[in-house]
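Asks: structure for the following, please:
(2 chains)
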Amino acid sequence: MAHSGPTPRRTGAWVLITVLVLISILGTLIVPIYARSSPYIGAFPFFYWYQLLWVPFVAVLMAICYLVSTHGSRSTASGPAAHDGSGEAR
Amino acid sequence: MSINWVSFSILLFLFAVVALVGFAATRWRRTEDMLHLNEWGLGGRGFGTFVTWFLLGGDVYTAYTFIAVPALVFGTGSAGFFTLSYTIMVYPIAFIFLPRLWSIARVHGYVTPADFVRGRYGSRGLALAVAFTGILAVMPYIALQLVGIQAVLTVMGIGGSSSNGFVKDLPLIIAFLVLAGYTFVSGLRAPALIAFIKDTLIYVMIIVAIIYIPARVGGWHHIFGVANTHLTSTNPKTGKPNGSLILEPVGYWAFATTALGSALALFMYPHNITGTFAARRRNVIRRNVAALPAYSVVLGLIALLGYVALATPGVAGQVKAHDANAQLALPFMFRDMFPSWFAGIAFSAVVIGALVPAAIMSIAAANLFCRNIWKEYFRPNASNAEQTRVAQTASLLVKLGALMFVLFVNTTYAIQLQLLGGIWIVQTFPAIVAGLYTRWFNRWALVIGWAVAMVWGTIEAYQLPSPGKPGTHFGASSDTLPLIGHTVYIGLTGLVMNLIIAVLLTLLFNALKVPGGIDETQPHQFVADPEPDAPPPIPVIAGVGHETGAADSG
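Replies: Residues are numbered from 1 along each chain as shown, chains lettered A, B, ... in the order given. Predicted coordinates for the structure are as follows:
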């Protein structure tokens, strides 16, 4: 069974993904960041528009994570692991 | 209260359409071997990105979103927005571990999370714990769906006003029987197909509601003004303010821990794992993690509708007249603000939006019962056809269990039903998610950590009354933590307790050389992405697993 260690390129990809995931989680987990009323957008206090805006922002971060992860797996697809029939392997 | 026949006819019509689609779904993507549990319980494991998006969306966004969240915002204000934070955090968390869970399940043909735990740890006991927790935790979650349907029916004046208990609940029972019927016949194909109708209705309803109603009641400045006045006024029952428009520092910990605990719990629920396992390829999961936040926008907007309901003349008064049932706020607003034909569509969206997840939840719980309890402990040689029959019957029993929760757990806010389920299900997180990365944990250490957290969490939640209603039970889900002095979600406290016990006991058991179970998985299988049509290696690997499992586990 192919048991090659992670390539440097893949490691870099996973570091990037980890950072993006942590940002996505901490952005609304740390409540004091946004538990305030100003600045307003229209009638909306900061507390509300910050959270609502965070939703599409996280979607974009996750899309980047997806692209980075598929790019990483494609780069190993030509390696010996591709021949054991189980797709990507690390 | 008189029935609005236009709204009612539309609800009846759309309900009939959904029922027909549900029964006809058995022919969708039909295969020769419909009696295999992979077919009934996982829709043949062939759903692509598009169907999976609808199916998982149908799973995650339920009466919780449409009824319980706006009710909480209507009653308590900013504290209710932890739900938005929760649905923001859940996808990044899922991105990390869900593809691994999908891969290992596909390689080994696992149908349930407990199958994975059994294969990974070689432990029937731990698998039983996971299965039991899953079945238990979906019951209050299904109960929440029934409460949502009931809220709509009450506002429509159907049954709800009758003094006769049976007549009062008759419409709910009928909706319930139809749901049970098509789930029984079509399995996962039914909710997957109905999810298309459900989500179309939901999106139409929310877009119209968020544009049309705020303008009619006087604009957002007025809405936030009215909400602020209501929230800062004193609640005569508790002697404290109703809530706040901006979260107060005293509420930070409860807000953050409940959001995080809910996010960690969500993909431990068997129905969400079922939706995941039904996906065709590994990348379907990752793509969906990026696409599913579209529903979180909907959740955020519906949460805001809680404030719009506060500012809609007459809604607060009618809610008060109905036993202060905040769950009725949004349906009352729809009835009063929409023309009756569109109110009918909005009501249908809520009812169907509750029926779809209820179906998936009962299927998932039935899979657990069938695979990990019935087959494991009673009929090891059960044929595929027999397994499917048992699962079908179990799906009915789970729904009856949910009815018990509706009848006996009486809380001010329906969201407590889901949070109670979360307290339980999140205790399977160490066994499942840690197991995706490491076999370091001893299986019995995990079992004991789980058991302590389950018992502690249940007792703790039982003792908490609804605000202003002393003597009631399961009325809240966060409590002051002695050492830290902050209010923390019980599920998360339990999870920390669970993990500490599991770590300490694993160290102890390793020192005592207590044997670990046999692991049937291999590292590369956690990142595998088999071709959809490739024959799964079930016979060989599962067969080996069974023999070693029987010889090894106690």
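Asks: strands of the stretch 201-350 of chain B, residue ranges please.
Replies: Counting by DSSP state E, counting those that start in this stretch, one finds no strands in the stretch 201-350 of chain B.
Asks: low pLDDT regions in chain A?
Replies: Residues of chain A meeting the criterion pLDDT under 70: A:1-7, A:72-90.
Asks: where does pLDDT dip in chain B?
Replies: For chain B (pLDDT under 70), the answer is B:1, B:29-36, B:159-168, B:532-554.
Asks: show me the contacts for residue B:435.
Replies: B:116-117, B:120-121, B:441 (Cβ atoms under 8 Å, 6 or more residues apart in numbering or on different chains). In short, each C-beta sits where N, CA and C put it, glycine included.
Asks: residue B:426: which of the residues you listed is nearest?
Replies: Using Cβ to Cβ, residue B:117 comes nearest to residue B:426 of these, at 15.0 Å.
Asks: residue B:129 versus that closest one, what's the distance?
Replies: Computed with Cβ to Cβ, to the nearest Å, the distance linking residue B:117 and residue B:129 is 8 Å.
Asks: between the two, which is the more surrounded one?
Replies: Between residue B:117 and residue B:129, counted using other Cβ atoms under 10 Å in any protein chain shown, residue B:117 has the larger neighbour count: 27 against 24.
Asks: three-state assignment of that one?
Replies: Secondary structure for residue B:117, judged by DSSP: H, G, I helix; E, B strand; the rest coil, is helix.
Asks: what number of residues are in the vicinity of the residue of the stretch 101-250 of chain B found nearest chain A?
Replies: Proximity of the stretch 101-250 of chain B to chain A (Cβ to the nearest Cβ) peaks at residue B:220, 3.7 Å away. For residue B:220, the tally of surrounding residues (other Cβ under 10 Å) stands at 18.
Asks: so what's it up against?
Replies: Per Cβ under 8 Å, 6+ apart, neighbours of residue B:220: A:42-44, B:214.
Asks: then residue B:314?
Replies: By Cβ under 8 Å, 6+ apart, the residues touching residue B:314 are B:332, B:336.
Asks: distance of it from residue B:331?
Replies: The gap separating residue B:314 from residue B:331 is 13 Å, by Cβ to Cβ.
Asks: next one: residue B:281
Replies: 40 Å.
Asks: go ahead and list the helix or strand containing residue 56.
Replies: All of this refers to chain A. Following DSSP states H and E, one finds residue A:56 within helix A:46-76.
Asks: oops, wrong one, chain B.
Replies: helix B:49-60.
Asks: next SSE after that helix?
Replies: Going down the chain from helix B:49-60, the next helix or strand is helix B:63, by DSSP H and E.
Asks: list of residues touching that next one?
Replies: Helix B:63 has contacts (Cβ under 8 Å, 6+ apart) with B:144-145, B:147-149, B:350, B:353-354, B:357, B:414.
Asks: list the buried residues in stretch B:423-440.
Replies: Of the residues in stretch B:423-440, B:423-436 count as buried by neighbour count, 16 or more other Cβ atoms under 10 Å in any protein chain shown.
Asks: the residues you listed into CSV, with extra columns for secondary structure and distance to residue B:400?
Replies: Listed next are the buried residues of stretch B:423-440 as CSV, based on DSSP: H, G, I helix; E, B strand; the rest coil; distance: Cβ to Cβ, whole Å:
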residue, secondary structure, distance to residue B:400
B:423, helix, 22
B:424, helix, 19
B:425, helix, 20
B:426, helix, 25
B:427, helix, 24
B:428, helix, 23
B:429, helix, 28
B:430, helix, 31
B:431, helix, 28
B:432, helix, 27
B:433, helix, 31
B:434, helix, 34
B:435, helix, 32
B:436, helix, 33
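Asks: quick one: which two of these are the most distant?
Replies: B:423 and B:436 (22.3 Å).
Asks: would you list the phi and psi of the residue in chain A sticking out farthest from the centre?
Replies: Here chain A reaches farthest from its C-alpha mean at residue A:43, the gap being 31.8 Å by Cα atoms, centre = their mean. Backbone torsions of residue A:43, given as degrees, to the nearest 10, read phi -90, psi -10.
Asks: and it, what is it in contact with?
Replies: Residue A:43 neighbours (Cβ under 8 Å, 6+ apart): B:219-221, B:223-224.
Asks: now it: closest residue in space, sequence neighbours ignored.
Replies: Of all residues not flanking residue A:43 in the chain, residue B:220 sits nearest, at 3.7 Å (Cβ to Cβ, 6 or more residues apart in numbering or on different chains).
Asks: just checking, residue B:463 touches residue B:472?
Replies: No. Between residue B:463 and residue B:472 there is no contact, the gap being 10.4 Å when judged by Cβ atoms under 8 Å.
Asks: and those two? Which one has more around it.
Replies: Using other Cβ under 10 Å as the criterion, residue B:463 and residue B:472 rank with residue B:472 on top: 16 against 12.
Asks: so the more buried one, which of the three states?
Replies: What three-state DSSP gives for residue B:472 is coil.
Asks: kind regards, and thank you for your time.
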